[in-house]
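J.: Prediction below, plus the sequence it came from.
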Number of protein chains: 2
Amino acid sequence: MGMPLDERLGMDLKRVEQELMAAKHAAVKVAGLTVPQYAALYVLAGNPGMSGAALARACVVTPQAMTGVLKNLEERGLVERTPHPWHRNVLETRLTEKGRAALEKADARASAIERRVFEEFSPEERDALRALLARFAKAIQAEAAEQAAE
Amino acid sequence: MGMPLDERLGMDLKRVEQELMAAKHAAVKVAGLTVPQYAALYVLAGNPGMSGAALARACVVTPQAMTGVLKNLEERGLVERTPHPWHRNVLETRLTEKGRAALEKADARASAIERRVFEEFSPEERDALRALLARFAKAIQAEAAEQAAE
DNA sequence: GGAACGATATCAAGACCTTGATATTCGTCA
DNA sequence: TGACGAATATCAAGGTCTTGATATCGTTCC
């Protein structure tokens, strides 16, 4: 079969990403949020009135996935959605007070994780890691493009 | 609020991991498999008769998640599960011919992605990337442990 | 022998992501 | 004006992952 498992750099990547998600999950759980919900609220806090589609792009998920997340947030009163005055087709989404409170509670712990990671590395190491990851992504895209062309 | 988004190394990590998953998803799709299904079949090919729980540990998911994956694979005739002669509680799982064919078809493309990534880096760079990722994980765990203790 | 523990397997509920398909609205261009 | 394309929002189906709760079987210890 293909490559041995322990040579697959994707395994290392996946494992760290899973650790990160698990830690963040536990962190935002105390505020009653999931990681995608936290991400949506975070972006929303900096961009009040954003459309669901724009939010989906910012969070790197599909609009359908964001619809589900927003549905849950709205049902629980953490965001409110009102029709846009001009574009009758878009719903402007904003944090409620309750939503802001949940975000702040979750962010205290969630951003502590990112800060801890940030401080683990020197500026040079951060640049090196980012550069390596960028090449990682470039290699994936190159192969994906070739396979798509077949 | 917490840290600015573009300082969060977790964002870089997540993005690359998403690219990898998307590419693998497209790669194994031609064989009618999903990524978790491919992973399960791959491990199974090297360990015939493995139990579902052991398979779950190897794939780094919960036993419940693996139950769902195996259920789908069994319904489509890609694996077969037979009771263990002694331990009546475990189900030995094996690839069928159909399962092996699907795995080989999927692996041709999926391992090409890993190979492309592998070849993108020199041995020194691979070591450097692995070391940085290991420290990344260590920092996450350290912070998670502190938060759990609160 | 019998109780306790550990491992296995699975059901159920809740949340998320994906693709595919649909309805509505806005803007543009002929 | 009318058609067409782009963007928005959502429903539906299929698959996965999580936690929580159960039931069964094996082994171990008293």
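T.: Great, that's in hand.

J.: Next, count neighbours for A:Phe75.
T.: For residue A:75 the amino acid is Glu, not Phe. Neighbourhood size, A:Glu75 [other Cβ atoms under 10 Å in any protein chain shown]: 9. All C-beta spots, glycine's among them, are computed from the backbone N, C-alpha and C.

J.: so what's it scoring on pLDDT?
T.: On the pLDDT scale, A:Glu75 is placed at 92.

J.: And for A:Phe121?
T.: Value listed for A:Phe121 in the pLDDT field: 95.

J.: do A:Pro36 as well
T.: In this model, A:Pro36 carries a pLDDT of 95.

J.: Distance check, it against DNA strand C.
T.: 4 Å (Cβ to the nearest atom of the strand, to the nearest Å).

J.: mind listing what that residue touches?
T.: If a contact means Cβ atoms under 8 Å, 6 or more residues apart in numbering or on different chains, then A:Pro36 has A:59, A:61, A:65, A:69 as its contacts.

J.: and which of the residues you listed is nearest to DNA strand D?
T.: Checking the contacts of A:Pro36 against DNA strand D by Cβ to the nearest atom of the strand gives A:Ala65 as the nearest, at 8.4 Å.

J.: Show residues contacting whichever strand or helix holds A:Ala54.
T.: If you go by DSSP states H and E, A:Ala54 is part of helix A:52-59. Helix A:52-59 is contacted from outside by A:36, A:39-40, A:43-44, A:47, A:50, A:62-63, A:65-67, A:70, A:90-91, A:93, using Cβ under 8 Å, 6+ apart.

J.: redo that, cut-off 6 Å
T.: A:39, A:43, A:63, A:66, A:70 (Cβ atoms under 6 Å, 6 or more residues apart in numbering or on different chains).

J.: any idea which helix or strand carries the fourth one?
T.: Per DSSP H and E: A:Met66 is located in helix A:63-75.

J.: Is there contact, residue-wise, from that helix to DNA strand C?
T.: Yes - shown here: helix A:63-75 in contact with DNA strand C (Cβ under 7 Å from any atom of the strand) through A:64-66, A:68-69, A:72.

J.: those helices in chain A, which residues are they?
T.: Assigned by DSSP state H, chain A shows helices spanning A:9-29, A:35-46, A:52-59, A:63-75, A:97-120, A:123-149.

J.: I'd like these as TSV, with distance to DNA strand D appended.
T.: Formatted as TSV, these follow (distance: least, Cβ to the nearest atom of the strand, whole Å):
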stretch	distance to DNA strand D
helix A:9-29	7
helix A:35-46	11
helix A:52-59	3
helix A:63-75	4
helix A:97-120	16
helix A:123-149	19
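
J.: Dump those helices into TSV; add distance to B:Leu78 as well.
T.: Formatted as TSV, these follow (distance: least, Cβ to Cβ, whole Å):
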stretch	distance to B:Leu78
helix A:9-29	23
helix A:35-46	31
helix A:52-59	34
helix A:63-75	28
helix A:97-120	38
helix A:123-149	22
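
J.: for chain A, which spans come out with low pLDDT?
T.: A:150 (pLDDT under 70).

J.: mind listing what's buried in stretch A:6-13?
T.: Neighbour counts over stretch A:6-13 (16 or more other Cβ atoms under 10 Å in any protein chain shown) mark A:8-10, A:12-13 as buried.

J.: Equivalent analysis for stretch A:88-96, please.
T.: Buried-residue list, stretch A:88-96, by 16+ other Cβ under 10 Å: A:90-95.

J.: Tell me which residues are up against it.
T.: A:44-45, A:48-51, A:77, A:79-82, A:84.

J.: mind running it again at 10 Å?
T.: Contacting residues not belonging to stretch A:88-96 are listed as A:40-41, A:44-45, A:47-55, A:66, A:70, A:73-74, A:76-85, A:99-103 [Cβ atoms under 10 Å, 6 or more residues apart in numbering or on different chains].

J.: Near DNA strand C, which residues of chain A are found?
T.: So chain A meets DNA strand C at A:34, A:36-37, A:61-62, A:64-66, A:68-69, A:72, A:86-89 (Cβ under 7 Å from any atom of the strand).

J.: Show the buried residues in those.
T.: A:34, A:36-37, A:61, A:66, A:69, A:72.
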